[in-house]
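Peer 1: pasting the sequence and the predicted model now:
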Amino acid sequence: MHRKIIGIIAGTGLVQSLDSSLKNIKKYTNTKNKYGVVLSYYIGEYKNLKIVIIPRHGDSLNQPSRSPFGLVKEQGYEANIWQLYKEKVDYIISFSAVGCLDKKIPLSNKKSFIVPNQYIRGLAASAHSFRKDAIIVHSNMSSPFNEDLRKVLIKAITSLKNKAYSNAVYIYNSGDIFETPAEIQVLDKLTKGLFKERVVGMTTVPECILSNQLNIPYAVICSNVNYAEGLSSKKVDHKGTLEVMRVASEEISKITKKILDII
């Protein structure tokens, strides 16, 4: 019987919070594959599952070792997803911090999370492909985030008495900067009334595209860490992201364990 292998892409904090739950953890650093370098990844065991965790931005908890722009420039997205493919993962579960265009959605330090079902490539979005190595070069993106996996994520979130927003679009804007108020005004006007919930972020979509090319089911849980620039009196900055995530990370750890129990 095949033992399921689960790939997880998240911040370094999740690796640390799962330390007590995973067994036989091994860490690999600066691993080269045909697409680039994986700064670090961890392999461990959770009950009858094999778990492969890649910290998206490297091991630094505060200043990212590889920023969103660095992931594009150094083909970090390709390297990370290719490594998970080499490890033969059955699913990829991702976690991502986002900003929100809808103020009805509480910040994630209030036990609120978003599970997008669609994405849009927004402003200065980058292009990603495994080209001749892709199993499916021109992937059908009617459901870019795997529906069966999304159901598992939503069930895990709600079973722990968190709120899950599941009819959301992820608008991918390339980093390393937050959007200007003018950009948010344009995105708000373009998408208002088309989607129930709308978030903006600097990652996720390249991972989704590349996972689909390798025919690996992929879904993401997003943490709302701010309201997009110009929508509130509070200016958006990385410090604010860290403050919200310090509180939300404990719940994210619980959600992750619940996902692994369900899957």
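Peer 2: Yep, that arrived.
Peer 1: can you list phi and psi of Ile93 for me?
Peer 2: Dihedral pair for Ile93: phi -110, psi 130, per degrees, to the nearest 10.
Peer 1: scratch that, Asp176 is what I was asking about
Peer 2: Asp176 adopts backbone torsions of phi -100, psi 20, taken as degrees, to the nearest 10.
Peer 1: I figured it hits Ser126, correct?
Peer 2: No. Assessed by C-beta atoms under 8 Å, Asp176 is found out of contact with Ser126, at 11.9 Å. For the C-beta atoms, the positions are set from N, CA and C on the backbone; glycine is no exception.
Peer 1: number of residues surrounding Lys239?
Peer 2: For Lys239, the neighbour count with other C-beta atoms under 10 Å is 8.
Peer 1: more neighbours: Asp176 and Ser126, which one.
Peer 2: Neighbours were counted for Asp176 and for Ser126 using other C-beta under 10 Å; Ser126 has more, 19 against 13.
Peer 1: name the nearest residue to that one, ignoring sequence neighbours.
Peer 2: In this structure, Ser126 finds its nearest non-sequential neighbour in Val72, 4.6 Å apart by C-beta to C-beta, 6 or more residues apart in numbering.
Peer 1: check Ser253 too.
Peer 2: What sits nearest to Ser253 in space, not counting adjacent residues and going by C-beta to C-beta, 6+ apart, is Ser17, at 3.9 Å.
Peer 1: picking that back up, tell me how far the residue nearest to Ser126 lies from Val236.
Peer 2: Distance, Val72 to Val236, by C-beta to C-beta, to the nearest Å: 21 Å.
Peer 1: ok, now Lys132?
Peer 2: For Lys132, the distance to Val236 - C-beta to C-beta - is 40 Å.
Peer 1: settle it for me: which of those two has more neighbours?
Peer 2: More crowded of Lys132 and Val236, by other C-beta under 10 Å: Val236, with 21 against 6.
Peer 1: show me what contacts that one?
Peer 2: Residues in contact with Val236 (C-beta atoms under 8 Å, 6 or more residues apart in numbering) are Gly99, Phe178, Asn226, Tyr227, Ala228, Glu229.
Peer 1: equivalent analysis for Asn80, please.
Peer 2: For Asn80, the contact set (C-beta under 8 Å, 6+ apart) comprises Ile9, Val38, Tyr41, Ile54, Arg56, Glu207.
Peer 1: confirm that it sits in a helix.
Peer 2: Yes. The assignment for Asn80 (DSSP: H, G, I helix; E, B strand; the rest coil) places it in a helix.
Peer 1: you'd agree Ile255 is up against Asn162?
Peer 2: Yes. Ile255 lies in contact with Asn162 (C-beta under 8 Å); the separation is 7.1 Å.
Peer 1: touching both of these two, which residues are there?
Peer 2: In contact with both Ile255 and Asn162: Phe113, using C-beta under 8 Å, 6+ apart.
Peer 1: give the rounded mean pLDDT of stretch 42-57.
Peer 2: The predicted model assigns stretch 42-57 a mean pLDDT of 95.
Peer 1: show me which positions of it end up buried.
Peer 2: Neighbour-count burial for stretch 42-57 flags 42-44, 46, 49-57 (criterion: 16 or more other C-beta atoms under 10 Å).
Peer 1: verify the stated contact: Glu197 with Ile171.
Peer 2: No. Counting by C-beta under 8 Å, Glu197 sits too far from Ile171 to count as a contact (11.1 Å).
Peer 1: ok, those two, which is more surrounded?
Peer 2: Taking neighbours as other C-beta under 10 Å, Glu197 and Ile171 compare with Ile171 leading, 29 against 21.
Peer 1: coming back round to it: tell me how far the residue nearest to Ser253 lies from Ala164.
Peer 2: Separation of Ser17 from Ala164 (C-beta to C-beta): 20 Å.
Peer 1: which stretches in this protein count as helices?
Peer 2: 12-17, 68-73, 76-86, 147-159, 181-191, 205-213, 238-262 (DSSP state H).
Peer 1: lowest mean pLDDT across the ones you listed, which one is that?
Peer 2: For these, mean pLDDT drops lowest on helix 12-17, to a mean of 67.
Peer 1: what is the burial count for the residue lying closest to Ala248 once chain neighbours are set aside?
Peer 2: Distances taken as C-beta to C-beta, 6+ apart put Ser108 closest to Ala248, at 4.1 Å, once the chain neighbours are dropped. Residues near Ser108, counting by other C-beta under 10 Å, number 26.
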